[in-house]
Structure formats: structure tokens, C-alpha cells
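Asks: need the 3D shape of this:
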Amino acid sequence: MRVLSYLLARMVRHGTMTVTGPDGASRTFGGEGPGPDIAIRVTDPALDRKLILRPRLAFAEAYMDGGIEFTRGGLRELMQLYQVNKARRRRSAAEAGWRRGLRFARQFLAANNPVRARRNAAHHYDIGNDLYRLFLDADMQYSCAYFPRGDESLDEAQLAKKRHIAAKLVLRPGQRVLDIGCGWGGMAIYLARTSGVEVLGVTLAEEQLRLARERAAAAGVADRVRFALLDYRKVAGEFDRIVSVGMMEHVGAGQLDTYFRTVGGLLKPDGVALVHSIMTTRSRSHTDPFTQKYVFPGGYVPSASETLAAVERNHLWLLDLEVWRRHYALTLRHWYDRFMARRDEARAMHDERFCRMWELYLTGFEGAFETGNLAVMQIQIGHARDAVPLSRDYMSAETARLKGREADGTGSRDPGR
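Replies: Coordinates of the predicted model:
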């Protein structure tokens with residue numbers, strides 16, 4: 001295991017990692033500072049060769065294929081070990097240059113035209129609604145929840161997220177709202193039930209579309225909430241409000257200007273748009289190969305500076321910016337625990353390899369939001385500087401109004417995003 005030993009000797013300084021190879025020989029790495037203590041057994045004798053070109057992807061695939069087993073600790077501890085050492089490691093100039101070249105190549109290949117965007121959405125979202133029911137909240141919200149106290153249940157935090165976003169939209173009955181990346185319809189249905197608006201939700205995933213329509217009918221709002229299988233770039237008309245939750249990170253590298261130009265073109269002169277998206281603290285970052293191949297092909301997480309530059313280039317006002325630092329880590333922790341509690345059901349739907357991939361996905365992102373360079377931002381934008389009240393106090397008043405609507409039964413049974 002020469003290649004693996006070389007890589008771990010360079011990477012693991014804080015915490016400890018003990019590796020037992022196929023020949024039974026063991027070696028421990030790290031110990032220079034505090035961190036998780038884990039141990040793995042490698043059973044795949046070909047792993048060393050696979051690690052040469054794409055080490056992180058090869059390591060992940062070895063775990064998925066059963067070529068790596070934990071004998072102490074688990075995936076959460078491994079991700080913590082990776083993040084604590086990543087934060088302290090400095091790359092050489094040669095490695096930084098190599099990574100820049102690789103990043104630009106990936107951005108070029110990840111450009112999302114409408115055909116590729118549809119295929120990428122199907123890869124992740126059309127794998128069966130029953131899988132998502134295993135670990136999401138009752139409303140099937142598949143984006144970062146909001147934990148004002150920090151100890152809310154997942155269902156409470158997802159309702160708080162919808163309420164918080166609705167408050168920022170300053171909705172009035174009869175307004176037209178566009179939901180870009182509507183998921184299973186929960187946000188659209190919540191807005192219609194609590195604020196009396198008309199909503200068009202667009203998605204590229206057929207499974208989401210089917211269930212969203214069923215839920216709108218079940219909620220009695222099908223006359224005010226419509227869903228369509230439609231690329232956001234193909235939407236026509238004007239809207240008083242636009243909401244986009246967890247979708248901007250899917251538009252692809254180099255597509256931010258297209259995204260904000262489209263949002264601006266669809267938004268009325270006095271309209272308000274609320275964009276909720278993952279952000280990175282590293283300018284011009286890239287999607288890691290595991291995520292690109294198995295989880296979110298075509299995805300790209302921009303930095304706040306990249307995003308705001310695109311807003312400015314498209315002549316939109318930034319009306320408000322809020323950064324959620326650890327809320328997604330808490331959300332992912334809930335998702336992982338719920339998935340593991342029903343893992344046997346997921347395995348029956350798919351297979352063992354899929355379950356291991358899903359574990360890597362959930363724990364990897366949890367670690368990145370807990371101690372890495374990912375967070376969530378909400379940006380409120382419009383054409384006019386006075387599209388929202390002068391003081392942010394209006395958000396509190398809107399939140400109270402929405403809570404009242406939920407309490408009187410008009411928005412308490414949202415059937416799903």
C-alpha cells in the first residue's frame with residue numbers, strides 16, 4: 001500500500017488513522033495534534049493502483065465496493081479527520097497550479113445546456129420518491145433547514161425555513177410567483193396557502209413533477225399552484241416574486257450571468273426575488289470528482305463574491321444578504337441519522353453499493369458544512385432599491401403574520417417540496 005501510505009503520511013497530521021492492508025500489515029498515521037481516531041482495513045489489493053490518478057474518487061469507490069471497512073470509528077469520523085487536516089494543510093505551488101488547470105477543465109465540461117441540465121436533474125431526482133421519503137421531513141423539503149434555536153426537530157426547522165423565506169418575499173394576495181427548482185412542491189403550496197398568491201413551479205425532474213401535482217390537488221390549491229417540466233431559461237411572462245431554493249448551485253459553472261439575467265428578465269420592475277443557495281468561501285472553487293460523478297453531475301457551488309458580481313453585472317439591486325453557517329450541517333445530520341435508521345429499506349430499493357454511496361454523500365457534505373468551506377446564503381434582489389421596506393423590521397411582522405396563518409390551519413399541512 002505504498003501510494004495510500006504516501007498520501008496519508010502527507011495528509012493526516014492531526015488525529016490518527018490506522019490502516020491494515022490486504023497482507024495484514026498495519027501502519028498508523030498522524031498523532032501530531034487532536035482529532036478523530038479511526039482505523040480501516042483495506043481488502044482490495046488493486047486500490048494502490050487506482051489511487052494514482054484520482055485518489056479521492058478511488059478511495060470513495062473502494063468504500064462503495066466493499067474494499068474498505070471500518071474497524072474503529074466510521075464515515076463521520078473520517079470526514080472530520082479529513083476536514084481538520086485539510087484546514088491546516090498548505091498546497092505547494094505546483095499542486096496549486098495543477099488544480100487550477102483541472103478546475104478550469106471541469107468547469108468547461110460541466111457547462112449545463114438545457115439537454116444536459118435535464119439529464120443531470122434526472123440522475124439525482126428521478127431515482128424514486130420513496131427513497132427521499134425515508135430521510136426527509138414529512139414535507140419532503142430537500143434543502144437546508146433553518147434552526148433559529150439550534151434544537152428544533154427537522155420538521156420544525158423546515159417549516160421555519162419556508163416561513164423565513166416567505167417573510168422576505170413580502171407577499172400579497174393575488175401576486176404571481178415563480179418557483180425555480182420547485183422540488184416536490186412544498187414551497188409553492190406553502191406560499192399559496194399562507195399568502196393567497198398564484199405560483200408557477202418549474203422542475204426538470206419528472207418524479208418531482210408528478211408528486212408535486214398530486215400534492216397541490218390534495219391540498220386544494222391546484223387552481224392557484226401550477227407545476228411544469230420546464231427549464232428556467234424557457235419560462236415566459238412576468239412575475240411579482242421569484243423564489244429559488246437550492247437550485248442555483250445546479251445551473252453549472254459559467255452560468256451565473258445567464259441565471260441572473262433570466263431572473264431579472266422575468267421579474268417585474270417592482271418585484272422581489274429570493275435566492276437560497278449553497279456558497280463556498282473559496283473563490284472559483286470546483287466540484288469534487290465523487291460529487292460530480294455520483295451525486296450532482298453538472299453542479300457548481302459559487303462563492304458569494306462570484307454570485308454578487310453576477311448580480312451587479314445584470315444591473316440588479318442586492319436588497320439583503322444573509323449567511324447560514326452551520327444550518328446545513330444540522331440538516332444533514334438529521335438526514336443521515338434518518339437514512340441510517342431505515343437503511344435496510346433503501347437497500348431493498350437499490351443495493352448495498354448505492355447505500356454506501358449515499359452515506360458518503362450525506363456525511364461528506366455534513367463535514368464540509370460543519371468544519372469545511374461551505375455555507376448557505378440567501379440573497380434578496382430586485383430592480384428597484386425600494387422594492388422592500390426601508391428597515392428589515394418588516395421581516396418580523398411578516399413572520400408573525402405567517403405563523404398566524406399556520407395556526408389557523410391555512411398553512412399547517414403543506415404536502416411537500
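Asks: where do the helices sit along the stretch 51-200 of the chain?
Replies: 55-64, 75-86, 93-109, 114-125, 129-135, 154-169, 186-195 (DSSP state H, counting those that start in this stretch).
Asks: which stretches of the protein aren't confidently modelled?
Replies: 88-113, 115-118, 120-123, 126, 284-285, 409-417 (pLDDT under 70).
Asks: quick one, longest helix in it?
Replies: Identified as the longest helix of the chain according to DSSP state H is helix 352-370.
Asks: if we can go back for a sec, ranking the helices of the stretch 51-200 of the chain by burial, who's on top?
Replies: helix 186-195 (a mean of 28; mean count of other CB atoms under 10 Å). To be clear about C-beta, it is placed using only N, CA and C from the backbone, and glycine gets the same treatment.
Asks: circling back to that earlier point, after the longest helix of the chain comes which helix or strand?
Replies: strand 374-382 (DSSP states H and E).
Asks: strand partners (parallel or antiparallel) of that following strand?
Replies: Its sheet considered, strand 374-382 pairs with strand 267-280 (antiparallel), strand 317-324 (antiparallel) by DSSP bridges.
Asks: C-terminal to it, what's the next element?
Replies: Following strand 374-382 in sequence, per DSSP H and E, is helix 393-407.
Asks: how far is that next one from where the chain is centred?
Replies: The chain centre lies 27 Å from the centre of helix 393-407; the measure is CA atoms, centre = their mean, to the nearest Å.
Asks: relative to helix 154-169, how tilted is that helix?
Replies: Angle between the axes of helix 393-407 and helix 154-169 is 130 degrees (criterion: axes from the mean of the first three to the mean of the last three CA atoms, to 10 degrees).
Asks: contacts for helix 393-407, please.
Replies: For helix 393-407, contacts defined as CB atoms under 8 Å, 6 or more residues apart in numbering pick out 159, 163-164, 166-168, 170, 193-195, 388, 411-412.
Asks: on that earlier part again, quick one: the helices of the stretch 51-200 of the chain as CSV, columns for distance to residue 146 too.
Replies: Converted to CSV, the helices of the stretch 51-200 of the chain look like this (distance: least, CB to CB, whole Å):
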stretch, distance to residue 146
helix 55-64, 30
helix 75-86, 23
helix 93-109, 31
helix 114-125, 22
helix 129-135, 18
helix 154-169, 4
helix 186-195, 13
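Asks: nearest to residue 232, of these?
Replies: Nearest to residue 232, of all the helices of the stretch 51-200 of the chain, is helix 114-125, at 8.9 Å by CB to CB.
Asks: residues contacting the residue nearest to residue 336 when sequence neighbours are not counted?
Replies: Spatially, and ignoring its direct neighbours in sequence, residue 336 is nearest to residue 362 (4.3 Å; CB to CB, 6 or more residues apart in numbering). Taking CB under 8 Å, 6+ apart, we find residue 362 in contact with 332, 335, 336, 339.
Asks: okay, and the last one sits in which element?
Replies: Spelled out, it's residue 339. helix 327-341.
Asks: I'd like to know which elements the next helix or strand after that helix is packed against.
Replies: Next in sequence after helix 327-341, counting helices and strands by DSSP H and E, comes helix 343-349. Judged by 3 or more CB pairs under 8 Å, 6 or more residues apart in numbering; DSSP states H and E, the packing partners of helix 343-349 are helix 129-135, helix 352-370.
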